[in-house]
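>>> For reference, the sequence and a predicted model appear below.
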2 protein chains.
Amino acid sequence: MITVLSGGVGAARLLRVLAAHVPATDLTAVVNVGDDFCLHGLTICPDLDTVTYTLAGRHDEAQGWGLRDESWRVMDELAHLGGPTWFRLGDRDLATHLYRSQRLAEGATKSQVSAEIARAHGVDVRVLPASDDPIATTLTTAQGELGFQEYFVQHHHQVPVTAIAYRGALTAAPGPGVADAIEGADRVVLAPSNPLLSLAPILAVPGVRAALAARRGPSVAVSPLVGGRALKGPADRLLEELGHDAGSRGVAALYGDLVDTWVIDEADAGDAGDLRTQGYEVRVTSTVMGEPGRDARLAAAVLA
Amino acid sequence: MITVLSGGVGAARLLRVLAAHVPATDLTAVVNVGDDFCLHGLTICPDLDTVTYTLAGRHDEAQGWGLRDESWRVMDELAHLGGPTWFRLGDRDLATHLYRSQRLAEGATKSQVSAEIARAHGVDVRVLPASDDPIATTLTTAQGELGFQEYFVQHHHQVPVTAIAYRGALTAAPGPGVADAIEGADRVVLAPSNPLLSLAPILAVPGVRAALAARRGPSVAVSPLVGGRALKGPADRLLEELGHDAGSRGVAALYGDLVDTWVIDEADAGDAGDLRTQGYEVRVTSTVMGEPGRDARLAAAVLA
């Protein structure tokens, strides 16, 4: 049993790579909910959806979010009405948000709804929200405090950040099954997701951290950096802006002894010695996913 | 200035007919909100939308609801997810509900949002919700108490009704501008809408009834019956089920002295004498809209 702490795209891709090498039913994704927000009356859970869509093979690979073969009839009409269209919601993608919002209104939990959506998509990986309690990642910037999506999508993560908060995380309980999935896992994997924006809101839940601390067995982190830089998104810049060390050292410091093994990219091979000096086991391979041979080597490094 | 108390399709058509004969800016529609409901996290206002879409010339004439040239991508995907699809929401129509729900979440009133949507559609008729307070028409049936849309759409209004309630109406205030639009109107028109389901929830608001009672000048009702039957919908059956007189007499009794003039269809010409005996002025013409010559005569009968 393998449990993967997951953000969005990077985690979704890693889960897909792992699912090609172990039975999907052996995999559990514990997914960040700090990006979740309400717009148009709808509850939108971008990381949960990215993970589910990717595992279903229905994601838009090129775009990096949403569904393939998408249409934009609703957004086009919404633009005509003068409504907010900065967060692009495709027609089919919208069905997910309608479904979830209706079920939540009926009293279902985010966990129940996530399981229902995964089942409808034929996804056998267990997709668990990190918590059913509301957690909201917010960023303090020169433009004031921004919600995650305002920062990430509306401002294209191009405003300097002086602080990040995970509102609600300290009083949130892990979602049903989350603590067990972590404590009982043969292996916990920290996905190559943004450490400050995607994995930190999961790790900020005390029950998650306790479950990680209580467990035995390997905890493997896949670095989100390639050559010291984020493949996509602001991970490297945020480390710098918030005064962390750059590169692998900075990321490793964030997870500390929650991790015993690091998988880093060949472009960061120079960091291996430093990480080993800190007591980590280090595996160097290509972490850029998408090519079957490389993906197999990455899976082997994570599962070894 | 002409103020039309309005339900859905019948009212929307009459408004369109009138707008061809008087300046749109002289017309105010006070629209039923008792059908409004929440689904998928969205606030849906069917009568307001039908009136606006029809006045914009974007309504689906054949279908009787929704927008022309509609597509169903969201509903198709929602069906795939196993979500509720009994209330069909086209892709473009959904944009209206997203827009409204977002604006309401931002603190706008239903009146403000209705005006914004009308403006975006280029509609110059003032479209006013009867109230910004929640009103919910509910029906007591053999299947228990049903919300309006459950009765009308989910059960195709095919279950016997023993009682109707307009929940919230007694403590609701008329929407901004509604009382003035009624009191100040040169003419108030009661549209050929379902008297028990569409106009009663408007008339049940004490401030609306007071404004009608306080005014001078003609109040003209267009009967929703043609040959004693509803053109569409359960108006005739509901009158019977709830123990009212059948035909024109039953409808007239519901509005009482709020109305001084009745416009009835040629097929009901036999009721004219009875209505005149009750003190009403009666005009007989075709009330079935859609043919320009007939529509002009109907407009003349209403505006005379």
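Received the coordinates, thanks.
>>> quick one: secondary structure of A:G64?
coil (DSSP: H, G, I helix; E, B strand; the rest coil).
>>> With B:P160 as the reference, measure out to it.
Applying C-beta to C-beta, to the nearest Å, the value for A:G64 to B:P160 is 55 Å. C-beta: built from backbone N, CA, C; applies to glycine.
>>> Then A:V288?
66 Å.
>>> contacting residues for the closest residue to chain B within the stretch 51-200 of chain A?
Distances between the stretch 51-200 of chain A and chain B by C-beta to the nearest C-beta are smallest at A:S101, namely 3.0 Å. When contacts are counted by C-beta atoms under 8 Å, 6 or more residues apart in numbering or on different chains, A:S101 touches A:41-43, B:40-42.
>>> could you point out which element follows the host helix or strand of A:L14?
A:L14 is part of helix A:9-19 when elements are defined by DSSP states H and E. Later in the chain than helix A:9-19, the nearest helix or strand by DSSP H and E is strand A:27-31.
>>> Quick one: name the residues of the stretch 51-200 of chain A near chain B.
Proximity of the stretch 51-200 of chain A to chain B is confined to A:71, A:73-78, A:80-84, A:91-92, A:94-99, A:101-105, A:116-117, A:120 under the rule C-beta under 8 Å from any C-beta of the partner chain.
>>> Whichever of these end up buried, select them in ChimeraX.
This is how ChimeraX selects the buried members of those, with burial counted by 16 or more other C-beta atoms under 10 Å in any protein chain shown:
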select /A:73,74,75,77,78,81,83,91,92,94,95,96,97,98,99,101,102,103,104,116,117,120
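>>> quick one, strands of chain A?
Taking DSSP state E as the criterion, chain A contains strands spanning A:2-6, A:27-31, A:37-39, A:42-44, A:126-129, A:136-141, A:144-147, A:161-167, A:187-190, A:219-222, A:225-226, A:229-230, A:261-265, A:281-285.
>>> Let's have those in CSV, adding mean neighbour count.
What follows is those, written out as CSV (neighbours: other C-beta atoms under 10 Å in any protein chain shown):
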stretch, mean neighbour count
strand A:2-6, 27
strand A:27-31, 29
strand A:37-39, 17
strand A:42-44, 21
strand A:126-129, 25
strand A:136-141, 20
strand A:144-147, 14
strand A:161-167, 16
strand A:187-190, 26
strand A:219-222, 24
strand A:225-226, 21
strand A:229-230, 16
strand A:261-265, 24
strand A:281-285, 18
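>>> For B:I264, find the nearest of these.
strand A:42-44 (45.8 Å; C-beta to C-beta).
>>> right, is that closest one up against chain B?
Yes. Strand A:42-44 reaches chain B (C-beta under 8 Å from any C-beta) through A:42-43.
>>> Stretch A:291-304: which residues count as buried?
Buried-residue list, stretch A:291-304, by 16+ other C-beta under 10 Å: A:294-295, A:298-299, A:301-302.
>>> Using CSV, lay out the residues you listed together with distance to chain B.
CSV is the format used below for the buried residues of stretch A:291-304 (distance: C-beta to the nearest C-beta, whole Å):
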residue, distance to chain B
A:R294, 33
A:D295, 29
A:L298, 32
A:A299, 30
A:A301, 36
A:V302, 31
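>>> what's the most distant pair in these?
Spanning the widest gap among the buried residues of stretch A:291-304 are A:R294 and A:V302, at 12.7 Å by C-beta to C-beta.
>>> now, the most widely separated pair of the contacts of A:S101?
Maximum pairwise distance among the contacts of A:S101 (C-beta to C-beta): 11.6 Å, between A:T43 and B:L42.
>>> related to what we said a few turns ago, closest one to B:V4 among the strands of chain A?
Comparison of the strands of chain A against B:V4 by C-beta to C-beta identifies strand A:42-44 as nearest, at 33.5 Å.
>>> Could I get the average pLDDT for that closest one?
Averaged across strand A:42-44, pLDDT comes to 98.
>>> what are the pairing partners of that strand, and which direction each?
Using DSSP bridges, strand A:42-44 pairs in its sheet with strand A:37-39 (antiparallel).
>>> and the partner strand, how far from the chain's centre?
Per C-alpha atoms, centre = their mean, to the nearest Å, the displacement of strand A:37-39 from the mean C-alpha position of its chain is 18 Å.
>>> same deal with stretch A:81-101?
So, by C-alpha atoms, centre = their mean, the centroid of stretch A:81-101 is 21 Å from its chain's centroid.
>>> Stretch A:244-256 now?
Relative to the centre of its chain, stretch A:244-256 is centred 18 Å away, using C-alpha atoms, centre = their mean.
>>> Residues contacting it, please?
Here stretch A:244-256 makes contact (C-beta under 8 Å, 6+ apart) with A:190, A:195-196, A:199-200, A:203, A:221, A:223-225, A:228, A:236, A:239-240, A:259, A:262, A:264, A:268, A:271, A:274-275, A:278, A:280.
>>> So which of the residues you listed belong to helices?
Among the contacts of stretch A:244-256, the ones falling in helices (DSSP state H) are A:200, A:203, A:236, A:239-240, A:274-275.
>>> Closest one of those to B:K232?
For the ones in helices among the contacts of stretch A:244-256, the residue nearest B:K232 by C-beta to C-beta is A:A200; the value is 57.5 Å.
>>> Check what pLDDT that closest one gets.
97.
>>> shouldn't it be in contact with A:L190?
No. Look at A:A200 against A:L190 with C-beta atoms under 8 Å: they stay out of range, at 10.9 Å.
>>> I'd like the distance between the closest residue to A:D295 other than its chain neighbours and chain B.
Nearest residue to A:D295, sequence neighbours excluded (C-beta to C-beta, 6 or more residues apart in numbering or on different chains): A:V17, at 4.6 Å. Separation of A:V17 from chain B (C-beta to the nearest C-beta, to the nearest Å): 26 Å.
>>> what's the neighbour count on A:V17?
When counting by other C-beta atoms under 10 Å in any protein chain shown, one arrives at 19 neighbours for A:V17.
>>> now swap in the one 3 residues further on and tell me
Counted by other C-beta under 10 Å, the residues lying close to A:A20 total 12.
>>> any idea which helix is longest in chain A?
For chain A, the longest helix by residue count, based on DSSP H, is helix A:91-105.
>>> list the contacts for A:A56?
Per C-beta under 8 Å, 6+ apart, neighbours of A:A56: A:121-123.
>>> can you redo the residues you listed as a markdown table with neighbour count?
Listed next are these as a markdown table, based on neighbours: other C-beta under 10 Å:
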| residue | neighbour count |
| --- | --- |
| A:H121 | 19 |
| A:G122 | 11 |
| A:V123 | 24 |
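>>> Can you tell me which of those is nearest B:Y166?
Relative to B:Y166, the closest of the contacts of A:A56 is A:H121; by C-beta to C-beta it sits at 42.1 Å.
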